[in-house]
Structure formats: C-alpha cells, structure tokens
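Engineer: model the structure of this input:
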Amino acid sequence: MKTIGMIGGMSWESSLEYYRLVNEMVKARQGGLHSAKCIMVSVDFAEIEEYQRNAEWEKAGVVLAAAACSLERGGADCVVLCTNTMHKVAEAIQAAVQIPLLHIADATAKKVLQSGLRRVGLLGTRFTMEDDFYKNRLVGRFGLQVVIPEEKQRTLVHHVIYEELVLGQIKPESRLAYQEVIKDLVRQGAEGVILGCTEIGLLVKPEDSAVPLFDTTYLHAQAAVEFSLSNP
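Structural biologist: Numbering: from 1, shown residues only. Now for the predicted structure:
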C-alpha cells in the first residue's frame with residue numbers, strides 16, 4: 001500500500017471528510033483491520049484565504065508547495081490537495097516535488113465521462129467558477145461542456161461557502177438556495193452538476209438534485225485510494 005500525502009486545512013471541515021473517506025474506502029477494499037497509510041499537512045486557512053482575496057496566488061503557491069515538500073520528505077507517494085480552488089496553483093506544487101499530484105478535476109471528469117455525460121454544471125468558489133484553471137482542464141483535457149450559474153447565483157454560492165460551510169454551519173435555507181441554482185443549471189442543459197468545492201457535499205446530497213451530482217471530495221479521495229492500492 002502506497003502512502004497518501006494530503007494537504008489539508010482548506011477548510012479542515014472538508015479535510016476531515018477526506019480522512020474519513022480514504023480510511024473507509026481502504027477498509028471496504030481490504031477488509032479486516034486495514035486502514036489507509038496517509039500523512040496530512042494542514043495549513044492555516046486564514047492565511048490562504050487572505051492570499052485568495054488579494055489575488056496573491058504566487059504566495060499561496062509557495063505555502064502549498066512547501067507543504068507538498070514536507071509530505072514528500074515524510075514518505076508520501078503522492079500529493080492530494082484537499083481543495084478545488086487551490087488547484088489554481090497545482091503546477092507550482094507539482095514542480096516542487098518528484099511525486100505525482102493527483103488533480104481533483106481529473107478524478108471528477110473521468111467519473112463524469114464514465115457516467116456517459118458531457119454537459120455539466122459547475123458549482124464552487126467564485127475563483128473556481130469564473131477563472132479558467134478549472135473549466136479549461138475539464139474542457140481541454142476531457143472534452144466536457146461546462147455551464148456556470150449567473151452572476152447573482154455565483155455570489156450566493158461563494159458566500160455560503162466562505163460564511164457558512166467552512167465554519168461548519170449547515171443551514172436548510174442555504175440547501176434550498178443551492179437546489180434552485182442546480183435547477184437553473186439543468187435549465188441551461190446541464191446533465192449533471194459538479195460540486196466543485198470540497199465543502200459543498202456537506203450541504204447538498206444526491207436527493208437534492210434531479211440530475212447526478214459529482215462530489216469532488218468523494219471522487220478525489222477515491223482516486224487517492226486507487227493510487228494507494230495500485231501495483232508499483
């Protein structure tokens with residue numbers, strides 16, 4: 001079993017889910033008393049969020065690259081960045097280490113294609129929905145068509161993430177608001193919806209949508225376990 005290296009803390013609420021999921025998946029696959037071999041370096045999200053807000057992505061990349069180096073020195077065989085938004089600096093992280101970074105968008109896109117879908121809605125932070133780093137990977141590498149909410153809805157989705165979900169607040173009214181956003185994406189032709197923020201899966205569940213939801217936290221954890229249990 002290879003060792004999974006995780007960069008967490010963005011937020012720790014979703015990092016907790018990563019740890020739970022990789023261990024549950026390894027136990028389901030291996031049985032008995034098996035659990036995942038993993039290492040986590042957890043950063044201070046307040047520092048990262050400030051860099052996001054000020055568009056100081058290079059500085060954020062330096063912090064996360066250093067975290068990846070710590071994982072590599074600690075014996076990790078891969079890097080799992082437990083966040084969607086900070087894959088904006090994925091290239092800087094990968095350049096700092098020799099072990100592979102398992103990209104969250106790749107794991108998600110592969111599942112979308114396996115489901116036979118092509119046109120998907122994308123929910124996430126404003127950075128993930130509006131910047132090109134995520135959408136372009138889905139489109140350019142996997143041939144997906146991506147639709148995003150209209151501006152007012154993007155503001156709502158972003159607000160709920162930063163003012164509620166990363167603080168562990170799960171509000172029924174926000175779930176209802178997200179359901180309406182999902183319905184609008186479906187009206188735009190979305191055949192499924194990517195939950196492109198690792199906290200959204202804490203709020204929105206499959207039963208909240210008429211179309212398939214692709215929980216990036218779950219799919220990223222699944223990709224990590226597949227890597228860990230694969231042959232050398």
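
Engineer: per-domain residue ranges of the chain.
Structural biologist: 4-103+219-229, 105-215 (automatic domain parsing).

Engineer: make JSON lines from the ones you listed and add mean neighbour count and mean pLDDT to it.
Structural biologist: Every C-beta, even on glycine, is put in place using the N, C-alpha and C of the backbone. Formatted as JSON lines, those follow (neighbours: other C-beta atoms under 10 Å; pLDDT from 0 to 100):
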{"stretch": "domain 4-103+219-229", "mean neighbour count": "19", "mean pLDDT": "97"}
{"stretch": "domain 105-215", "mean neighbour count": "18", "mean pLDDT": "97"}
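
Engineer: by contact count, what packs against the host helix or strand of V120?
Structural biologist: Here V120, judged by DSSP states H and E, is contained in strand 119-123. The elements that strand 119-123 packs onto, with contact taken as 3 or more C-beta pairs under 8 Å, 6 or more residues apart in numbering; DSSP states H and E, are helix 126-130, helix 132-142, strand 145-147, helix 172-187, strand 192-195.

Engineer: can you list the helices and strands that the second one packs against?
Structural biologist: Read that as helix 132-142. Looks like helix 132-142 contacts helix 104-114, strand 119-123, strand 145-147 (3+ C-beta pairs under 8 Å, 6+ apart).

Engineer: show me what that helix is in contact with.
Structural biologist: Under the criterion C-beta atoms under 8 Å, 6 or more residues apart in numbering, residues 84, 87-88, 90, 103, 105-106, 108-110, 112-113, 120, 122, 124, 128, 144-146, 148, 194, 196 lie in contact with helix 132-142.

Engineer: please identify which of the helices and strands packed on strand 119-123 is closest to G61.
Structural biologist: Nearest to G61, of all the helices and strands packed on strand 119-123, is helix 132-142, at 11.8 Å by C-beta to C-beta.
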